[in-house]
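> Here is a sequence with its predicted model. Questions after.
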Amino acid sequence: MINLPHCLMLSWRSVLLLIMIILIVKGVKTDKLEDPGGLNICKHPASFGQMCILCGESLDEESGVTFGYIHKGLRLGNDEIVRLRSKNLLQNKKLYLVLDLDHTLLNSIELMHLTTEEEYLKGQSDDDISNGSLFKLDFMHRMTKLRPFVRTFLEEASKMFEMYIYTMGDSAYALEMAKLLDPEGNYFSGRVISRDDGTRRHEKSLDVVLGQESAVVILDDTQDVWKKHKDNLIVIKRYHFFASSCRQFGHNCKSDETEVDGVLASVLRVVRRIHHIMFFDGGNLDFGSRDVRQVLNAVRKEVLHGCKIVFSRVFPTSKFQAGRDSSPVEDGRAIRSYLFKRN
Ligand SMILES: [Mg+2]
Ligand SMILES: [Zn+2]
């Protein structure tokens with residue numbers, strides 16, 4: 001085994017931070033060059049321990065927002081957040097997708113809450129993280145079942161969206177679940193937000209997401225936590241695999257969802273449609289002036305008019321099934337005329 005000097009053994013988080021700092025410094029240098037007054041005033045783009053990473057000045061705790069999920073103790077200044085958000089994913093025909101964990105992408109319970117009838121599941125857990133769906137995590141005293149179709153969903157959605165995990169669980173749990181969902185780190189690298197990172201208690205907010213609100217779609221089974229961002233939200237039907245999870249919400253669940261006709265397969269069709277309307281149905285309209293919240297609202301309005309798109313809680317119904325083979329172009333016709341009247 002080769003013994004690397006300790007200083008060379010950078011964790012991926014350090015590498016990410018390094019890249020971020022380089023991007024930040026590069027941006028500030030550009031700002032200075034473009035400053036007509038020639039005043040080299042530092043804008044304090046980021047700080048650690050209340051000290052600007054660029055000029056070393058000691059900063060007010062109040063300035064900026066903490067981005068602990070990128071690196072512990074990192075705070076970004078408000079101007080820098082705006083600059084990073086302006087990174088135009090839209091030109092690459094990509095939006096942002098913020099995904100809740102529990103009851104949205106998976107179902108976890110504590111081992112002690114397994115019913116007697118479920119005890120056998122302990123012996124059925126998968127060792128292969130890349131392909132498995134049922135996991136016994138002894139060190140966390142939990143069992144986790146991934147929602148059917150989730151791997152395909154993430155793979156397909158990643159072609160249209162830059163994706164975040166955003167959970168009310170703690171950071172250790174969030175990172176462990178991210179490993180199960182994304183063992184190669186292809187989808188969420190550096191974008192796993194937990195309750196430890198939020199700016200408000202008992203509430204989720206896009207404050208800590210580095211994407212402009214007009215381009216963010218949220219998928220969550222809990223509507224109440226997104227008080228400020230309901231227009232960005234698709235509320236998904238809750239996923240329950242374990243009996244105690246079901247009972248907690250007053251249900252009696254009988255069977256697991258299926259891989260092909262489950263809820264996530266339906267949601268994939270909906271987000272595909274949203275992506276399609278956003279980028280391919282607007283004629284010559286500039287991408288920058290489009291707003292995904294308008295698309296979502298228009299799609300909701302279509303539901304009220306008895307359209308095929310099931311929306312307020314996305315789940316397969318006979319209506320939706322009937323529309324599953326129709327093209328996004330057909331389904332989006334009414335929405336298109338509502339949204340892009342200018343064309
Ligand atoms: Mg949830
Ligand atoms: Zn500074």
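Yes, it's here. Ligands and ions are numbered 1, 2, ... in the order given.

> CA atoms for contacts and neighbours, from now on please.
OK.

> Just want to check the distance between Asp207 and Val65.
Between Asp207 and Val65 the computed distance is 8 Å (CA to CA, to the nearest Å).

> try Leu114
From Leu114 to Val65 the distance is 40 Å (CA to CA).

> surely Cys246 meets Asp256?
No: Cys246 lies out of contact with Asp256 (CA atoms under 8 Å); the separation is 11.5 Å.

> Looking at those two, which is more packed in?
Legend: neighbour count by other CA atoms under 10 Å for Cys246 and Asp256, higher for Cys246 (16 against 13).

> Which helix or which strand is home to the more buried one?
Here Cys246, judged by DSSP states H and E, is contained in helix 243-248.

> How about Val217?
Using DSSP H and E, Val217 maps to strand 216-220.

> Next: Ile109.
Using DSSP H and E, the element containing Ile109 is strand 106-110.

> Output the contacting helices and strands for the helix or strand following that strand.
Using DSSP H and E, the helix or strand that follows strand 106-110 in sequence is strand 134-137. Applying 3 or more CA pairs under 8 Å, 6 or more residues apart in numbering; DSSP states H and E, we find strand 134-137 packed against strand 142-146.

> List the buried residues of the helix or strand that Val295 is a member of.
With elements taken from DSSP H and E, the one containing Val295 is helix 292-304. By neighbour count on 16 or more other CA atoms under 10 Å, the buried set for helix 292-304 is Val292, Arg293, Gln294, Val295, Leu296, Asn297, Ala298, Val299, Arg300, Lys301, Glu302.

> now stretch 110-123
By neighbour count on 16+ other CA under 10 Å, the buried set for stretch 110-123 is Leu111, Leu114.

> What's the separation between whichever residue of the stretch 1-150 of the chain sits closest to ligand 2 and Ser130?
Closest residue of the stretch 1-150 of the chain to ligand 2, CA to the ion: His44 (3.5 Å). Plainly put, His44 is 41 Å away from Ser130 if you go by CA to CA.

> Those two - which one has more neighbours?
His44 (25 against 14).

> quick check, that one in a helix?
No: counting by DSSP: H, G, I helix; E, B strand; the rest coil, His44 is located in no helix; its state is coil.

> What residues does the nearest residue to it once chain neighbours are set aside make contact with?
What sits nearest to His44 in space, not counting adjacent residues and going by CA to CA, 6 or more residues apart in numbering, is Cys52, at 5.5 Å. Contacts of Cys52 were listed using CA atoms under 8 Å, 6 or more residues apart in numbering, and they are His44, Pro45, Ala46, Ser58, Leu59.

> circling back: need the overlap of contacts for Cys246 and Asp256.
Contact criterion CA under 8 Å, 6+ apart; residues shared by Cys246 and Asp256: His240.
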